[in-house]
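> I would like to see how this sequence folds:
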Amino acid sequence: MKILVTGGTGFIGKVLCEQLGVAGHQLRVLSRKPGSRPAGLRSAEMVAFPPLSDAALWQDAVRDCDAIVNLAGESIAEGRWTEARKKALHDSRVATTRALVDACAAIPKPPQVLVSGSAIGFYGPHGDEPLDEASPAGSDFLARICVDWEAEARRAEALGTRVVLLRIGIVLGPDGGALAKMLPPFKMFAGGPLGSGKQWMSWVHVDDVCGMIAFALGHPVAGPMNATAPDPKTMGDFAKTLGSVLGRPSWMPVPAPVLRIALGEMSEMLLNGQRVLPKVAEAAGYRFRHPTLVDALRAAVSA
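Alright, predicted model coming up:
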């Protein structure tokens, strides 16, 4: 299968491209630094990320591809959410997906499948309520991004393309993701939960995000699919488990007011979690590589 990947040099994308390459797929990767080629992308065709206004280049990018995996988007957790930053977070997802689908509509043979990234932020804060793919959208900033993002991807359905909306949780893995920010204080014996510790963390190992993408490419699933493990934990339990895996205590919580002062509006993402379950993936027969938090953390910190 010839697969176009956006975001292929990011935390998830690098792992995904390596796995897809090993599986024998032919990869075309859109990158803002096409001259930079991580080890897992040695056999990939690297293409400069086109300007959003250049329709012809976008059409060239999608042409002759059997599938698209769309993971493009600026990091949510880098920098305070100023109005300019919020616009960049929105446009890097929504406008890029619009350009992809517009390009697919303009070529004679659109791809068979589009696996488009989204996030569990779609649901907004829900306390202890279990959420699955049928749960409604929230109304906060992250939810509005996800709603707009998914709407752009769904336009490809009118072209006969099967669209999978991958709502990704908190991704764990070596060399990046959530753990890159959480490990240093724990290693210095100063780790602990954020806020009350009662908010839910719907985590997933990066291997399972990539595994679910590969599964979605080859199985007849469509619509929303939560990329979360079946074992969500509260922040307090997550911190205790991480401390146990590292052989460190989990005793120094970060109070909510401190987070709000330090991070502004972005702090709400950390203080208000969601208890999200992967109902669609499990029903379709996906088998998790790291179904429990202990297993996922051990794999992430020992790699």
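
> and the gap between residue 119 and residue 12?
Residue 119 sits 12 Å away from residue 12, going by C-beta to C-beta, to the nearest Å. The way it works is simple: take the backbone N, C-alpha and C, and place the C-beta from them, glycine included.

> common neighbours of the two, please.
residue 168 (C-beta atoms under 8 Å, 6 or more residues apart in numbering).

> contact partners for residue 90?
Taking C-beta under 8 Å, 6+ apart, we find residue 90 in contact with 145, 148.

> in the helix or strand encompassing it, what's buried?
Per DSSP states H and E, residue 90 falls inside helix 83-105. Residues of helix 83-105 classed as buried: 85-86, 89-94, 96-104 (neighbour count, 16 or more other C-beta atoms under 10 Å).

> the closest residue to residue 98 other than its chain neighbours: what secondary structure?
Leaving aside its sequence neighbours, residue 98 sits nearest to residue 152 (C-beta to C-beta, 6 or more residues apart in numbering; 4.7 Å). Applying DSSP: H, G, I helix; E, B strand; the rest coil to residue 152 yields a three-state assignment of helix.

> what's the spacing between residue 152 and residue 97?
4 Å.

> with residue 23 instead?
To residue 97, residue 23 is 25 Å away according to C-beta to C-beta.

> swap in residue 242?
33 Å.

> what bridges to the most centrally placed residue in the chain?
Nearest residue to the geometric centre of the chain (C-alpha atoms, centre = their mean): residue 168, 4.2 Å. Legend: beta-bridge partners of residue 168 under DSSP bridges are residue 119, residue 227.

> give me the mean pLDDT for stretch 28-48.
In this model, stretch 28-48 carries a mean pLDDT of 82.

> what does that stretch rub up against?
2-9, 13-15, 17-18, 21, 26-27, 49-50, 61, 65, 72.

> quick check on those: which are buried?
For the contacts of stretch 28-48, buried by 16+ other C-beta under 10 Å: 3-9, 13-15, 17-18, 21, 27, 49-50, 61, 65, 72.

> residue 226: what's it in contact with?
With contact taken as C-beta under 8 Å, 6+ apart, residue 226 is in contact with 120, 132-133, 167, 169, 202, 276-281.

> adding secondary structure, neighbour count and pLDDT, write these out as a markdown table.
Listed next are these as a markdown table, based on DSSP: H, G, I helix; E, B strand; the rest coil; neighbours: other C-beta atoms under 10 Å; pLDDT from 0 to 100:
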| residue | secondary structure | neighbour count | pLDDT |
| --- | --- | --- | --- |
| 120 | helix | 25 | 96 |
| 132 | coil | 16 | 98 |
| 133 | coil | 19 | 98 |
| 167 | strand | 25 | 98 |
| 169 | coil | 24 | 94 |
| 202 | coil | 25 | 95 |
| 276 | strand | 28 | 98 |
| 277 | coil | 19 | 98 |
| 278 | coil | 26 | 98 |
| 279 | helix | 19 | 98 |
| 280 | helix | 22 | 98 |
| 281 | helix | 26 | 98 |
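
> go ahead and confirm residue 71 touches residue 4.
No - assessed by C-beta atoms under 8 Å, residue 71 is found out of contact with residue 4, at 11.0 Å.

> A strand includes residue 46, no?
Yes - according to three-state DSSP, residue 46 belongs to a strand.

> offset the numbering so it begins at 23, please.
Right, with 23 as the first residue, what we last looked at is residue 68.

> contact partners for the closest residue in space to residue 299 that isn't next to it in sequence?
Using C-beta to C-beta, 6+ apart and skipping residues adjacent in sequence, the residue nearest residue 299 is residue 154, 5.3 Å away. Residue 154 makes contacts with 248, 298-299, 301-302, as judged by C-beta under 8 Å, 6+ apart.
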